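Asker: predicted model, plus sequence, below.
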Amino acid sequence: MKAVTIHKYGSADELIYEETENPGLLPDDVLIKVYATSVNPVDWKVRSGNYPGADQRAWPVILGWDVSGTIEHLGKEVTGFQIGDEVYARPNTKRQGTYAEYVAVNYKEIALKPKSIDHIHAAAVPLAGMTAWQGLFDHGKLQAGQKVLIHAAAGGVGIYAVQLAKWKGAYVIGTASESNIDFLKDLGADEVIDYNNEDFEERLGNIDLVLDLIGGDVQLKSLEVLKPGGIFVSTLAIKDEAAIAAKGLTGGRFMTQSNPEDLRKMAQLIDEGKLKPIIYDIVDLKDAAEAQRTIEEGHVRGKIVLKVVDDN
Ligand SMILES: NC(=O)c1ccc[n+]([C@@H]2O[C@H](COP(=O)([O-])OP(=O)(O)OC[C@H]3O[C@@H](n4cnc5c(N)ncnc54)[C@H](OP(=O)(O)O)[C@@H]3O)[C@@H](O)[C@H]2O)c1
């Protein structure tokens with residue numbers, strides 16, 4: 001099969017579109033014909049070698065942790081799925097990834113893809129959508145009527161977090177640059193703070209939950225705007241663990257887990273028209289390097305998708 005691999009850590013120049021072995025199938029795997037995958041910041045972090053422990057795969061490594069496609073083969077212990085099912089997933093991060101024509105995925109990590117959208121849009125959902133879901137609801141315990149501050153609200157995770165928090169009935173505040181203010185209000189944000197022109201910690205207070213997707217000093221400033229007993233959750237390394245407890249807050253860093261139940265709930269919301277992926281760009285799989293260079297700049301609105309098969 002064709003795949004995009006790296007033979008060593010380094011810049012996006014290390015990404016090679018080449019012929020590789022088809023993935024081997026374990027008894028509880030399905031073989032998915034990949035129609036589309038998406039690009040996440042973790043892809044370039046792993047590629048660059050600055051993500052210790054993230055990569056335990058054999059070289060050459062196939063990156064990519066999102067897939068939408070069809071089931072081509074079933075391992076003998078797989079139940080509940082048929083050949084031909086259209087599914088989506090964020091596969092196990094310790095195995096070869098999804099920048100490829102085929103990927104083997106444990107059947108307990110997949111869900112039927114939303115029916116109302118194509119593979120290109122479905123591939124933009126799993127990793128970023130589950131991160132938003134788990135950050136807001138599992139770790140953040142967000143309830144209707146609460147105030148949530150979402151940093152990097154226009155990015156891959158942020159677009160889902162804004163919509164899901166609004167769906168839950170929260171008051172949603174996002175940070176973004178000026179060019180994304182109207183976009184985020186259309187998506188459901190009640191307030192958007194332009195981080196280049198205003199300090200969010202000056203405007204805000206009494207916040208119930210902060211979802212931090214930026215890290216660094218933004219974290220420390222975020223602790224100032226939370227109310228006593230508030231929750232601070234981040235997808236990034238915590239700059240000052242002790243400061244969270246010292247301020248009477250809870251929370252911390254979380255790592256997104258593959259949970260097909262989350263995928264099923266999001267598929268339902270998508271099919272009901274309550275949640276939508278936002279696609280910034282669609283790039284052919286062979287041009288994955290170009291897509292990674294773009295996301296590495298840190299200003300993508302929504303998601304970049306890698307097209308593997310024409311889905312017309
Ligand atoms: N722990 C985990 O399991 C996990 C899971 C998923 C993601 N992550 C991490 O979470 C982070 C966010 O992921 P992502 O996919 O959402 O990234 P992304 O799509 O690359 O985020 C891009 C967005 O960040 C915004 N942004 C940049 N600087 C900002 C600032 N100072 N303040 C507010 N917004 C800013 C940009 O908005 P403007 O263009 O308006 O500046 C852009 O829309 C990444 O570091 C990723 O690696 C971790």
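Answerer: Thanks, I have it. Numbering: from 1, shown residues only.
Asker: ok, for the residue nearest to the spatial centre of the chain, nearest residue in space, not its chain neighbours?
Answerer: What sits nearest the mean C-alpha location of the chain, by Cα atoms, centre = their mean, is A128, with 1.6 Å. Computed as Cβ to Cβ, 6 or more residues apart in numbering, the closest residue to A128 that is not its neighbour in sequence is G156, at 4.1 Å. For glycine as for every other residue, the C-beta is placed from the backbone atoms N, C-alpha and C.
Asker: any idea how far the one you found lies from K8?
Answerer: Applying Cβ to Cβ, to the nearest Å, the value for G156 to K8 is 26 Å.
Asker: out of the two, which sits in the busier spot?
Answerer: G156 (29 against 10; other Cβ atoms under 10 Å).
Asker: which ones are touching the more buried one?
Answerer: Taking Cβ atoms under 8 Å, 6 or more residues apart in numbering as the criterion, G156 is in contact with 38, 40-41, 124, 127-128, 300, 302-303.
Asker: closest to the ligand among those?
Answerer: P41 (3.5 Å; Cβ to the nearest ligand atom).
Asker: find the nearest non-adjacent residue to the closest one, please.
Answerer: Using Cβ to Cβ, 6+ apart, the nearest residue to P41 is I295, at 6.1 Å.
Asker: could you pull up the residues touching that neighbour?
Answerer: Applying Cβ under 8 Å, 6+ apart to I295 gives the contacts 39-41, 43-44, 304.
Asker: check which helix or strand covers it.
Answerer: Using DSSP states H and E, I295 maps to helix 288-296.
Asker: which residue, other than its chain neighbours, is closest to M1?
Answerer: E101 (4.1 Å).
Asker: export the contacts of I295 to CSV and tack on neighbour count?
Answerer: Converted to CSV, the contacts of I295 look like this (neighbours: other Cβ atoms under 10 Å):
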residue, neighbour count
V39, 31
N40, 25
P41, 20
D43, 29
W44, 22
I304, 22
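Asker: quick one: secondary structure of T5?
Answerer: Of the three states, T5 takes strand under DSSP: H, G, I helix; E, B strand; the rest coil.
Asker: pretty sure it contacts P60?
Answerer: Yes. Taking Cβ atoms under 8 Å as the definition, T5 is a contact partner of P60 at 3.9 Å.
Asker: these two - which one has more neighbours?
Answerer: Using other Cβ under 10 Å, the more surrounded residue of T5 and P60 is T5, with 21 against 16.
Asker: what's opposite the more buried one in the beta bridge?
Answerer: In this structure, T5 bridges to I16, I62 when assessed by DSSP bridges.
Asker: what sits against it?
Answerer: Here T5 is in contact with 15-16, 18, 20, 60-62, 99 (Cβ under 8 Å, 6+ apart).
Asker: rewinding a little: for the residue nearest to P41, give its distance to G158.
Answerer: 13 Å.
Asker: and the contacts of I295 near the ligand, which?
Answerer: 40-41 (Cβ under 6 Å from any ligand atom).
Asker: give me the subset of the contacts of I295 lying in helices.
Answerer: Counted as lying in helices by DSSP state H, out of these, are 41, 43-44.
Asker: from those, pick the one nearest D310.
Answerer: D310 has its nearest neighbour among these in D43, at 22.7 Å by Cβ to Cβ.
Asker: once you drop chain neighbours, what's closest to that closest one?
Answerer: L63 (4.8 Å).
Asker: residues near the one you found, how many?
Answerer: 26.
Asker: circling back: can you list residues touching both of T5 and P60?
Answerer: 16, 20.
Asker: so for the closest residue to the ligand within the stretch 151-300 of the chain, what's the pLDDT?
Answerer: Relative to the ligand, the nearest point of the stretch 151-300 of the chain is G155 (2.4 Å; Cβ to the nearest ligand atom). In this model, G155 is scored at 98, pLDDT.
Asker: strands of the stretch 51-200 of the chain, start to end?
Answerer: In the stretch 51-200 of the chain, the segments counted as strands under DSSP state E, counting those that start in this stretch are 61-62, 67-74, 86-89, 102-106, 110-112, 147-150, 171-176, 191-194.
Asker: tell me which of the ones you listed sits most buried.
Answerer: strand 147-150 (a mean of 27; mean count of other Cβ atoms under 10 Å).
Asker: so who does the residue lying closest to E261 once chain neighbours are set aside touch?
Answerer: Nearest-residue entry for E261: A111, 8.0 Å, with adjacent residues in sequence omitted and distances by Cβ to Cβ, 6+ apart. Residues in contact with A111 (Cβ under 8 Å, 6+ apart) are 87-89, 260-261, 263-264, 267.
Asker: likewise D13?
Answerer: A289.
Asker: doesn't it belong to a helix?
Answerer: Yes. Assessed by three-state DSSP, D13 belongs to a helix.
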